[in-house]
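# Show me how the following folds:
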Amino acid sequence: MAKGRMLIVEDDFDISNMLRIYFSSQGYEVSVAPRGGDALSLARQQLPHLIVLDIMLPDMDGYAVCRQLRQTTRTSHIPIIFLTQKDERSDRIAGLELGADDYITKPFDIEELKLRVQNAITRSQIQNLSHPVSGLPAGKLIEDELRKLMRASGWAFLDCKISHYDSFKEVYGFVASDEVIRFTALLIKEVVDELGAANDFIGHPGGENFVVVAAEANATIIKTKLKARFAEEIKTHYSFIDRENGYMTTRSDNGAEQQVPLMIMKVGFVTSDSDFSDIREITELAAEARRNDTE
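Coordinates of the predicted model:
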């Protein structure tokens, strides 16, 4: 299993190719963007666990890229390491003030950069900022987003859960089940990008549970599209026989064979129309709506 997803933002092909080859050999999934605009697009689509960002880019400097990443809800939590030829104290301070997590200058020691990458990803996960499999915002960031809702209006909070996930994990194993989690994270992002707004929030509390914060007016259509796409596209994660049958065969505790339906997505949501005195009320009511989702 990959150690994490990295995005290398570097217009020098020799450097970016060297970093791609090296970190791929270390077990990371690596994408490369030669321009700042490409980096912003890839960061939203793939949600990397970390970004190595060169300051000198052909279309916009790394500071501008960092600023946009930090100002966008979907990417604000991603650790960023600046990579540059500049070694001025003012340049380092400027990057750190924008929210960069670290700073390394060229020419650099690749082993030192590897340690900085490992430390930044580990620190993010220890602080409960992102989920290690999906890369989506996790505990603390979800709580922060919920607290914002208490002071806002016009929102919907969607509670999404994969039904029959535990049975799938039992039959197909943890590698396949992690792939389902990554697939689901990407699917939710695609649906929200299509039907929601750029700053809609997507989080992953853990396991088979995901959350979305979107405009109230878009909640129903997001729910409908998400459930339909999941039901159709999740089939590719099953064997041909299970797809044809429309179910998996497992064994109960007493050893008897039993048929378990293919995974589906259940979604429930609450809106700002209700009065909430605590963030737990939001999550509890959304979870209740999700449990009652029988469509």
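
# which non-adjacent residue is nearest residue 172?
Counting by CB to CB, 6 or more residues apart in numbering, the nearest residue to residue 172 once its immediate chain neighbours are dropped is residue 237, at 7.6 Å. Using the backbone N, CA and C atoms, a C-beta is placed for each residue, glycine as well.

# residue contacts, the one you found?
Residue 237 makes contact with 168, 172, 176, 179, 180, 183, 263, according to CB atoms under 8 Å, 6 or more residues apart in numbering.

# The helix or strand hosting the third one: how far from the chain's middle?
This means residue 176. Secondary structure from DSSP states H and E places residue 176 in helix 174-195. Relative to the chain's own centre, helix 174-195 is displaced by 8 Å; criterion: CA atoms, centre = their mean, to the nearest Å.

# List of residues touching that helix?
1, 44-47, 74, 133-136, 160, 162, 165, 168-169, 200, 202, 204, 208, 210, 212, 214, 218, 221-222, 225-226, 229-230, 233-234, 237, 263, 265.

# Show only the entries of the residues you listed found in strands.
The strands, defined by DSSP state E, take in 160, 162, 202, 204, 210, 212, 214, 265 from those.

# Could you measure from the residue sitting nearest the centre point of the chain over to residue 192?
Among the residues of the chain, the one closest to the centroid is residue 136, at 2.7 Å (CA atoms, centre = their mean). As judged by CB to CB, to the nearest Å, residue 136 and residue 192 stand 11 Å apart.

# What of residue 282?
The value you get for residue 282 to residue 192, if CB to CB is used, is 18 Å.

# what do you get for residue 200?
In this view, residue 200 and residue 192 are 5 Å apart by CB to CB.

# remind me which residues of the stretch 51-200 of the chain are low pLDDT?
For the stretch 51-200 of the chain, applying pLDDT under 70 flags the ranges 86-92, 128.

# What ranges does it have for its helices?
Applying DSSP state H, counting those that start in this stretch to the stretch 51-200 of the chain gives helices spanning 62-71, 89-97, 110-126, 139-149, 165-172, 174-195.

# re earlier: give me the local confidence score for the residue lying closest to the residue nearest to the centre of the chain once chain neighbours are set aside.
Distance criterion CB to CB, 6+ apart; nearest residue to residue 136, sequence neighbours excluded, is residue 204 at 3.8 Å. Residue 204 carries a pLDDT value of 95.

# Tell me who's in contact with residue 204.
By CB under 8 Å, 6+ apart, the contact set of residue 204 is 131, 134, 136, 137, 138, 181, 185, 210, 211.

# Same check on residue 103?
Residues near residue 103 by CB under 8 Å, 6+ apart: 81, 82, 84, 92, 95, 96.

# Now the buried members of those residues.
With neighbours counted by 16 or more other CB atoms under 10 Å, the contacts of residue 103 contain buried members at 81, 82, 84, 92, 95.
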